[in-house]
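Engineer: Sharing a model prediction with you, sequence too.
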Amino acid sequence: MSAALFALDIIITLFITVWVLREYGNLRKSYAVTLTVIIAWFFSFSIILILPLDVSSTWYLDCTRNYYCAQPGVANETLMGHWCTTIENSRTAEIISTDTCANSPDCPCSPPVSYVSESTLPHYWAVTYWTSQALTWLLLPLMESYMSAGDFTPSHKMLSAIKEYAIINSIYAAIGISFLIYIAVRNNLDMNGLKSVVIALTNMTGLVFVMVFLGYGAVDLPRMWFRKFNLQHSLKTLQFQAGSLSVELHEAEEKVNELVTKVKDLRGIIPQNDELRPYLNKILERLPSVRNEGDYEDHKTDDDAMPSLSTLAKLNKKLMKAQNIEARCRCLWADLMDQALELEDVIDNSKSSSRRYVSKYFPNNQTRFPFFGEHLPMLRWYWKIWLQPVGFLVLGTCGTLLSLAVIWSEVTFSTKLSIYAQLITQAGTNHQHFGLEVMTFVTLCYMCLCCYRIVFNLRLFNFYYLVPKQQTDSSSLLYSGTAFCRMTVPLCLNFLAMCHLDNHVTSGNTIGVETAFTVVMGHMDVLNWLNNFALYYPIIVIPVGLCTLFNVHTRILSALGVHSALVEDSGADDLVQEGISLINMEKSRRGRGDMSGPVRGAHAPAPSTSSDRDSPLIGRSQGAGAAANGGARKPSGPAATRLQQYLADMNARGGASGGSGSGGSGGAAAPAKSVFKWGSSESASESSRRAMTANTSGLGNFRKMFAADQGEDEIELLPTRDPSSGSGARGTRQSSNFFD
């Protein structure tokens, strides 16, 4: 029975790992990456399910130890007497004590249902630890560099990956080896002692990150659940994210257009018969629309230098990165629009007296679950309006209580005031093995949710980012595996110390047997200063939690002009207003039945160039963007005819008003001058923008006229940022203009 439960835990962990990975990454894109990430995630997630078995088994072994050591004559035995008087893990002594207790009718100790043999858990933890270390420090970084390399052959990509890995880690390796030599000489350490120091130093760095992530997640996770209970605040947050994401998407498109322009230029520089041409053709394979335009005639001049192979590799790497970022932004944009419109549906239906859920923007959802029949709208109304918000409220309340208990136990874990130390000790001494395992599992799950939340939401250098709907690139998946492997073992060591199950950290514990986990993972008392660190490092959770509670980091970023979260300032308000405008445009588009949005489905691949797609930001810069698109495109059809007529009238009014303003009341008005021309870069000129801004009411009427034009060429007019102001100006409202 116990072996079956252990195997069931392994199968459940593997199933959860594959299921989560399938949500974020494409399992068939690269089998090598998929297998490596599954292994990294599996060993990290399995600790959460297996460690409760280790805790309950340890309390059972402690019970058999106390029973056996109380027998007369045991203290005189060499092996067992030493084991009874010291806190030392000895599997031979454990086997003797458990066999003695099992054969004695008056032994009060009963093994847990999940108890496995004494040698199973140590071997499993050893495999888990050393596999995670090999993945963390060797395999995952190499694969990450390999997948992001821009070289064109596997051998060249491997050489680039090894070179990058050597450059990054050579400095750290030199410092680490020098430090280890100093410690070994100063403390007269042998190889086993040196190995213990290496493990302790590795765990020390991981514990620092765990405390930072735990302090952030313990505050942010319950707050997120409480905010989801408030529908209006959730909608405002989505509106802010829409305004912020529109800027990011615009910048990503500009970056792709700039690189596409460089690729086009190289087509004329590198002749067809040149040895570099096949490598350029591989870059063009990433740009189908550019490749299908046909070859340009060679227009190389004396000023154009022939690029090298390394130059093409760097360009290919930049293009891969830019396309990944753009595809990610488009997927996030589609999901964000769906969330915003669904939330508006919920808010509208909450005011309904009929208590039947009717969706304006997702009519297909009404036909799902046909077996409920006519009761489905009513059930959906109760679920969306009542049960779901109440569920978030309950989660927020439970999360707050768990966060307070965890933070209090972290700060006081070296004393008897630790909440979890008291609970675990009480359950263990009373032989409540099932309750002990449940308590351990729930606490570990919550602590992992708090720490892993920052991994799933971290955007490191705008490159490493886990995106759902299978839109996460290989480098981000590999980096997440590295983060999980480095974090999970220190997190579990911290939990055991917090529960007074590590006698090397806290003294005077009730239990006298070590867990198999701490035996394999080592202790922090191999050096005096490491032992002092183990006593005081949990205090880090307090300042990090307070900074998260009062949004100190987001306010600092907001003061610097980077609006990464919804805070009360003018820049964030501008982004909220822009988000409202963009969401309204999306509603009008879906209201017309136009489902060809900026992203055609959540799993659609990113187009190669910006000329192949529609964007939620219709306006673009007239520099690299216009060059990449081959100039502005001129629409046709009845809708375009009315647009041209409207623009002609608007330009005439703009020119006339400008003339009257300069000539005064007594002078004749200056003749109207057209400032908007199809296919010309003058469409983004300052005079045109002034004319468009001055006729806001006319533009609103014109949008209504287009909305009524069903079945014809419809050109959607969306707000954008002024290209002349720079794409990096976040949080500033810009005047609207027209695209091409």
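Structural biologist: Thanks, I have the structure now.
Engineer: quick one: buried residues of stretch 6-25?
Structural biologist: Buried residues in stretch 6-25, counting neighbours by 16 or more other Cβ atoms under 10 Å, are found at 6, 9, 13, 16, 17, 21, 24, 25. Any C-beta I mention is one placed from the backbone N, CA and C, and that applies to glycine too.
Engineer: Now do the contacts for the residue nearest to residue 34 when sequence neighbours are not counted.
Structural biologist: Ranked by Cβ to Cβ, 6 or more residues apart in numbering and with sequence neighbours excluded, the top spatial neighbour of residue 34 is residue 27, at 5.0 Å. For residue 27, the contacting residues are 18, 21, 34, by Cβ atoms under 8 Å, 6 or more residues apart in numbering.
Engineer: I'd like the average pLDDT over stretch 580-588.
Structural biologist: Average pLDDT, stretch 580-588: 90.
Engineer: cool, and stretch 451-462?
Structural biologist: 74.
Engineer: Then stretch 178-195?
Structural biologist: Mean predicted lDDT for stretch 178-195 stands at 82.
Engineer: Quote the end-to-end distance of that stretch.
Structural biologist: Using Cα to Cα, to the nearest Å, one end of stretch 178-195 lies 15 Å from the other.
Engineer: tell me which residues in that stretch are buried?
Structural biologist: Buried positions in stretch 178-195, judged by neighbour count with 16+ other Cβ under 10 Å: 183, 189, 194.
Engineer: picking that back up, out of the contacts of residue 27, the closest to residue 439 would be?
Structural biologist: Nearest to residue 439 among these, counting by Cβ to Cβ, is residue 18 at 27.9 Å.
Engineer: helix or strand for that closest one, which one?
Structural biologist: Using DSSP states H and E, residue 18 falls within helix 2-24.
Engineer: Need the buried residues of stretch 178-195 in TSV (columns: distance to residue 456 and secondary structure).
Structural biologist: Formatted as TSV, these follow (distance: Cβ to Cβ, whole Å; DSSP: H, G, I helix; E, B strand; the rest coil):
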residue	distance to residue 456	secondary structure
183	36	helix
189	39	coil
194	36	helix
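Engineer: Nearest to residue 163 among those residues?
Structural biologist: residue 194 (29.3 Å).
Engineer: average pLDDT across stretch 520-531?
Structural biologist: On average, stretch 520-531 scores 72.
Engineer: start the count at 28, not 1, going forward
Structural biologist: Renumbered: residue one is now 28, and that last one reads stretch 547-558.
Engineer: what ranges of the stretch 328-477 of the chain fall below the confidence cut-off?
Structural biologist: For the stretch 328-477 of the chain, applying pLDDT under 70 flags the ranges 328-331, 390-400.
Engineer: Next, count neighbours for residue 270.
Structural biologist: By the measure other Cβ atoms under 10 Å, the count of residues near residue 270 is 27.
Engineer: wait, isn't it in contact with residue 602?
Structural biologist: Yes. Counting by Cβ atoms under 8 Å, residue 270 does reach residue 602; the two are 3.4 Å apart.
Engineer: Tabulate the buried residues of stretch 33-52 in JSON lines, adding columns for pLDDT and distance to residue 364.
Structural biologist: As requested, those are exported to JSON lines (pLDDT from 0 to 100; distance: Cβ to Cβ, whole Å):
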{"residue": "33", "pLDDT": "89", "distance to residue 364": "45"}
{"residue": "36", "pLDDT": "90", "distance to residue 364": "40"}
{"residue": "40", "pLDDT": "94", "distance to residue 364": "35"}
{"residue": "43", "pLDDT": "94", "distance to residue 364": "29"}
{"residue": "44", "pLDDT": "95", "distance to residue 364": "30"}
{"residue": "48", "pLDDT": "94", "distance to residue 364": "26"}
{"residue": "51", "pLDDT": "91", "distance to residue 364": "20"}
{"residue": "52", "pLDDT": "90", "distance to residue 364": "23"}
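Engineer: Cool, thanks, talk later.
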